[in-house]
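# predicted coordinates and the sequence they were generated for:
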Amino acid sequence: MGAILVSVSYSCFVRPEIVPIDAVWNAFFQPDGSTDQAAVLSRVPTTLTGLLVGAALGMGGALMQGMARNPLADPGLLGVNAGASLFVVLGMTLLGWQAPLAIVWCALAGAAVAVVIGYGAAAASPGGATPVTLALAGAAVTAIATAVITGILIVDESTLESFRFWQVGSLTAASFSSLAQLGGFLALGAVLAVACAGRLNALALGDDVARGLGVRVGAARITAVVAVVLLCGAATALAGPIAFVGLAVPHAVRFLVGADYRWIVPLSAAGGATFLLVCDVIGRLLARPGVLEVGIVTGLIGAPIFIVLLRRRKAVGL
């Protein structure tokens, strides 16, 4: 909690320029309409979006790793990011949609469709929706979506120009209106994630053992998939595809608290929120007076952290 409060404070007073810390306090508790206070308040939607997106990606990554029993699983395993990106491209190309709220709904719909197709293909295989078939189906969905996206962008330069800014992953387009529209999806996804966390402990022992313990394996996986769609689909819609949060944060949490998903899932939410806000602040400090988009910073910071975690057997053991 302390780390979240510190990251929120820095997020509010570090814009391209640094606002005095007392202006952050006064903006909320003693407003006087000054320029510094207005700058702080303008950061509130971005800070809230960073908190929610980071928390959603952290929880989604923990659910994917537990459900698929795959230490390299992340929210993109079932094609969430690829499906969202494809629908954004289609919305821009076929319908001419450029408004942020229109793009948000395209991304959310694409994430849902991709996961339904990926999970349906895995469930229809002879062995059912096992960790291996889920990974293979997700890879197939991602490959197809990426191929279609590339084909469209090659022949449509105007869509490429618009899409490339969304694809990098950014909090700069955050607004209260988009948060209001997607907040319900994030809240429902978080409730489902916490509700199925205990069953992930049983799934980690294998499907046969989980069934022996009375867990309905199919229902548990479907609940986790729905939670991932809601959390990561809404997060991708709000900020674009952001890498490494859903992959590295659950491993870091697992290294600290062990393998109990009743702790891993909620703490991954806190860790993801803190990590994303810290990366956003670093991006603004490094590129002043401009902004280095948060999706770039998470990759630059997250990759070395993940490599360090991989060297510690306990951190990746599921």
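Good, I have the coordinates.
# which stretches of the stretch 1-150 of the chain form strands?
Counting by DSSP state E, counting those that start in this stretch, the stretch 1-150 of the chain has no strands at all.
# pLDDT weak spots in it?
1-42, 98-100, 129 (pLDDT under 70).
# try it again with 80
Low-confidence segments of the stretch 1-150 of the chain, defined by pLDDT under 80: 1-44, 68-78, 96-104, 123, 127-132, 134-135.
# ok, which stretches of it are helices?
Using DSSP state H, counting those that start in this stretch, the helices of the stretch 1-150 of the chain run over residues 2-13, 21-29, 35-42, 44-68, 80-94, 100-124, 131-155.
# the ones you listed into TSV, with extra columns for mean neighbour count and distance to residue 192?
C-beta here means a position set from N, CA and C on the backbone, and glycine is covered the same way. TSV is the format used below for the helices of the stretch 1-150 of the chain (neighbours: other C-beta atoms under 10 Å; distance: least, C-beta to C-beta, whole Å):
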stretch	mean neighbour count	distance to residue 192
helix 2-13	18	22
helix 21-29	15	32
helix 35-42	16	33
helix 44-68	28	9
helix 80-94	25	15
helix 100-124	21	14
helix 131-155	17	18
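# of all those, which one is nearest residue 259?
For the helices of the stretch 1-150 of the chain, the distance to residue 259 is smallest for helix 44-68, at 9.3 Å, taking C-beta to C-beta.
# which other helices and strands contact the closest one?
helix 2-13, helix 131-155, helix 176-203, helix 217-239, helix 245-257, helix 261-286 (3 or more C-beta pairs under 8 Å, 6 or more residues apart in numbering; DSSP states H and E).
# dump these into JSON lines; add distance to residue 83 as well.
Shown next, in JSON lines, are the helices and strands packed on helix 44-68 (distance: least, C-beta to C-beta, whole Å):
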{"stretch": "helix 2-13", "distance to residue 83": "29"}
{"stretch": "helix 131-155", "distance to residue 83": "6"}
{"stretch": "helix 176-203", "distance to residue 83": "15"}
{"stretch": "helix 217-239", "distance to residue 83": "8"}
{"stretch": "helix 245-257", "distance to residue 83": "15"}
{"stretch": "helix 261-286", "distance to residue 83": "21"}
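# closest to residue 302 out of the ones you listed?
Per C-beta to C-beta, nearest to residue 302 of these: helix 245-257, 4.8 Å.
# show the average pLDDT along the closest one.
Averaged across helix 245-257, the pLDDT comes to 87.
# packing partners for it?
Using 3+ C-beta pairs under 8 Å, 6+ apart: helix 245-257 touches helix 44-68, helix 261-286, helix 294-310, helix 313-316.
# nearest to residue 167, of the ones you listed?
helix 294-310 (8.2 Å).
# and that closest one with helix 245-257, angle?
Orientation of helix 294-310 against helix 245-257 (axes from the mean of the first three to the mean of the last three C-alpha atoms, to 10 degrees) gives an angle of 40 degrees.
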